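> Sharing a model prediction with you, sequence too.
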Amino acid sequence: MVKRAIVLIDNEKCNGCGVCIPQCAEGALKIEGGKARLVSEVYCDGLGACLGKCPQDAIRVIQREAPAFDEEATKEYLKSKKPKRRSHLRNWPVQLNLINPQAPFFKDTGLLIMSDCVPVASPDWQSTLLSDQVVLIGCPKFDDIQAYLQKLTEIFRYNSIKDVKIVHMEVPCCSGLNGLVSRAIRAAGKDLFIERVVVSVEGEPIKSFSTRAP
């Protein structure tokens, strides 16, 4: 153990928005239990690249006793977690219940709002449905619709959303997503362009049409 610079996360301030994760080149941070955590102290070099990126000011660098930064172990760790295919997600989390309506990734963006069955049925959804948008997923049948309505209304009210793409399965229980999003847009007092896409149970888009929120 040596006394050195290392990241400290304030659990009271951290809301788990995940903005800090891609800023850490060593992969030392992860979201666990709705909070940012250190994967391992030996992966943190203490240089603080994640500082200044946290909208809650929940991260700082302190001096304390900790295992020394292990560059070789960090390289092996990064190699082991390297994905075979690059994800095009630009936000985390994606589940609507976990989203902070004032997260910085909502600035001047489009939304891709999907029923949570879509990415399961459509394995190539990132290449076929996602186009540099913030992704939100939820289940309009089993989840708390009033909570979803409030969260979506706040997202539209507080942010400069450019447009919305709603994607749901062809089964009837998913179609409630359309009305839910339209109600939220109206409640927020916004006028937005909406593209709606219906996906078959085989995972293929079978219907697509565009409109403005009624």
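Received, thanks. Numbers count the residues shown, from 1 in each chain.

> separation between the residue nearest in space to the middle of the chain and Pro140?
For the chain, the residue nearest the mean C-alpha position is Trp92 (2.3 Å; Cα atoms, centre = their mean). Distance, Trp92 to Pro140, by Cβ to Cβ, to the nearest Å: 22 Å. All C-beta spots, glycine's among them, are computed from the backbone N, C-alpha and C.

> Can you give me the pLDDT of Leu180?
Per-residue pLDDT puts Leu180 at 94.

> Which secondary structure element is home to it?
helix 176-187 (DSSP states H and E).

> Which elements pack onto that helix?
Applying 3 or more Cβ pairs under 8 Å, 6 or more residues apart in numbering; DSSP states H and E, one finds that helix 176-187 contacts strand 111-115, helix 145-158, strand 163-169, strand 193-199.

> could I get the ones you listed as CSV with distance to Ala103 and mean pLDDT?
Converted to CSV, the helices and strands packed on helix 176-187 look like this (distance: least, Cβ to Cβ, whole Å; pLDDT from 0 to 100):
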stretch, distance to Ala103, mean pLDDT
strand 111-115, 12, 97
helix 145-158, 9, 96
strand 163-169, 17, 95
strand 193-199, 21, 93
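
> Most tightly packed of these?
strand 111-115 (a mean of 25; mean count of other Cβ atoms under 10 Å).

> Counting neighbours, which bits of the helix or strand following that one end up buried?
Using DSSP H and E, the helix or strand that follows strand 111-115 towards the C-terminus is helix 118-121. Within helix 118-121, the residues that qualify as buried are Val118, Pro119, Ala121, counting by 16 or more other Cβ atoms under 10 Å.

> what's the pLDDT at the residue lying closest to the last one once chain neighbours are set aside?
To tie it back to what came earlier, the one meant is Ala121. The shortest distance from Ala121 to any non-neighbouring residue, by Cβ to Cβ, 6 or more residues apart in numbering, is to Gly203 (4.3 Å). pLDDT, Gly203: 88.
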